[in-house]
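**Q** Fold the stuff below for me.
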Amino acid sequence: MTAGTINSDTQTPTAMGPAVDGAQAPYNFPTQKLKRQMTQPGKTPLVLVACGSFSPITYLHLRMFEMAGDFVRFNTDFEVCAGYLSPVSDAYKKVGLAPGSHRVNMCGRAVEQSPWLMVDPFETVNCDENGEPQYVPTAKVLRHFDHEINTVLGGIEAPDGQMKKARIALLAGADLVMSMGGFDTGSRVSNVKLTCTRGAWALGSKGSGHDPRVVRRFHHRALGD
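**A** Residues are numbered from 1 along each chain as shown. Got it, this is the predicted structure:
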């Protein structure tokens, strides 16, 4: 696929973008549920992205989006414009990992009734020069979303007609944050923030055993609060 190809389903231009260096299977960036026009003046458009194996996807994965969406709606100056599941590449080599096409299909069935959640197969179709699945770091995944939404599409239209750049935020459970080392120098999440300056939301639960101070620190550091 070349830059400027028209997505036959959404009729929006899509491009491979700067996220990866390798080849790529035929791909269209999903925009069918992306809110292209905001409804709340004075707010910043927000797109939530959850990366993971989703092998299989569970109810809790979907609840994570709904909980984050509710929190954003009532407690922040952001307006949620979309949520994306980004299944990891087959190159991740996790034991028991189902083929990427199967995981994309499972995720698609799980969100088909949602008015705002979509599945982006970008990671699963990314290949190296030999056509083999290629692992895509989280930072590059977020750059991909930033490119597709803010460069290719030009951002999100505000109520006053002006185009606003969407904030692309990583949505992660507290267990993932802890596994990444919180915000220690050189941690994966810290690198995502430093290289992409995008943002992140971390969700924890009572009784989970996660240090709430680490989760709060993750939240504030990532969003620049």
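**Q** longest helix anywhere in this structure?
**A** helix 59-75 (DSSP state H).
**Q** next structured bit after that one?
**A** Proceeding C-terminally, helix 59-75 gives way to strand 78-87 as the next helix or strand, assigned by DSSP states H and E.
**Q** how big is the angle separating the very next helix or strand once past that next one from strand 78-87?
**A** Scanning forward in sequence from strand 78-87 by DSSP H and E, the next helix or strand is helix 100-111. Angle, helix 100-111 to strand 78-87, by axes from the mean of the first three to the mean of the last three C-alpha atoms, to 10 degrees: 140 degrees.
**Q** hmm, back to that, quick check: angle from the longest helix of the chain to helix 100-111?
**A** Using the same axes, to 10 degrees: helix 59-75 against helix 100-111 is 50 degrees.
**Q** Buried residues in helix 59-75, which are they?
**A** H61, L62, M64, F65, A68, G69, V72 (16 or more other C-beta atoms under 10 Å). (C-beta placed from N, C-alpha, C; glycine too.)
**Q** just stretch 27-47 next, same as before
**A** Buried residues in stretch 27-47, counted by 16+ other C-beta under 10 Å: 27-31, 33-36, 38, 43-47.
**Q** quick one: average confidence on that stretch?
**A** Taken as a whole, stretch 27-47 carries a mean pLDDT of 97.
**Q** Between its first and last residues, how far does it reach?
**A** Taking C-alpha to C-alpha, to the nearest Å, stretch 27-47 runs 20 Å from one end to the other.
**Q** From here on, call the first residue 498.
**A** Right, with 498 as the first residue, what we last looked at is stretch 524-544.
**Q** Tell me which stretches of the protein form helices.
**A** Assigned helices in the chain, in chain order: 556-572, 597-608, 635-643, 671-676, 685-693, 709-720 (criterion: DSSP H).
**Q** ranking those helices by mean pLDDT, which is last?
**A** Among these, helix 685-693 carries the lowest mean pLDDT (a mean of 40).
**Q** ok, and what's touching stretch 550-568?
**A** Contact with stretch 550-568 is made by 545, 547, 549, 577, 580, 582, 584-585, 589, 591, 593-595, 600, 603-604, 607-608, 611, 613-614, 668, 670, 698, 700, as judged by C-beta atoms under 8 Å, 6 or more residues apart in numbering.
**Q** List buried residues within the residues you listed.
**A** 545, 547, 549, 577, 580, 582, 584-585, 589, 594-595, 600, 603-604, 607-608, 613-614, 668, 670, 698, 700.
**Q** wait, what's in contact with the residue lying closest to M660 once chain neighbours are set aside?
**A** Leaving out its chain neighbours, the residue that sits closest to M660 by C-beta to C-beta, 6 or more residues apart in numbering is G652, at 4.3 Å. Going by C-beta under 8 Å, 6+ apart, G652 touches P542, I646, M660, K661, K662, A663.
**Q** The second one: neighbouring residues, count only.
**A** A count of nearby residues for I646, using other C-beta atoms under 10 Å, gives 25.
**Q** Repeat that for the fifth one.
**A** Residues contacting K662 under the criterion other C-beta under 10 Å number 14.
**Q** likewise the third one?
**A** M660 has 14 neighbours, counted by other C-beta under 10 Å.
**Q** circling back: quick one: the residue nearest to M660 from A547, how far?
**A** G652 sits 22 Å away from A547, going by C-beta to C-beta, to the nearest Å.
**Q** Please identify which pair of the buried residues of stretch 524-544 lies farthest apart.
**A** Y524 and K540 (30.6 Å; C-beta to C-beta).
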